[in-house]
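J.: When you get a sec, could you give me coordinates for this:
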Amino acid sequence: MEVNIHEAKTHFSRLLERVAMGEEVVIAKAGTPVAKLVPVKKLPKKRVFGSAKGDFTVPHDFNDPDPEIEDLFYNGPIAPK
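T.: I've put the predicted structure just below:
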């Protein structure tokens with residue numbers, strides 16, 4: 001949406017409501033755009049270290065090699081000869 005400066009001053013609160021709902025508003029002077037009102041990106045919530053403690057457990061064999069993948073790696077169709 002594009003509005004002139006006078007309209008922007010007169011209806012600033014209404015324009016901000018529209019911007020808060022995700023719309024962009026261009027403010028023009030004599031038909032030439034000079035500014036844009038855009039919604040502020042919400043910042044992600046700050047992460048708290050250890051907040052997932054107890055939600056899951058890492059299996060004891062997490063780092064063990066996978067025999068199927070090793071077989072494909074060493075004996076697969078494009079393995080070096």
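J.: what about the closest residue to Leu37 other than its chain neighbours, neighbour count?
T.: The shortest distance from Leu37 to any non-neighbouring residue, by CB to CB, 6 or more residues apart in numbering, is to Val25 (4.3 Å). Just so you know, the C-beta spots here come from the backbone N, C-alpha and C atoms, and that holds for glycine as well. By other CB atoms under 10 Å, the residues close to Val25 number 19.
J.: okay, Val25: pLDDT?
T.: As predicted, Val25 sits at a pLDDT of 96.
J.: Quick check: the gap between it and Val48.
T.: Between Val25 and Val48 the computed distance is 37 Å (CB to CB, to the nearest Å).
J.: Averaged over its residues, which helix or strand of this structure has the lowest pLDDT?
T.: Lowest on mean pLDDT, DSSP states H and E among the helices and strands of the chain sits helix 67-75, with a mean of 88.
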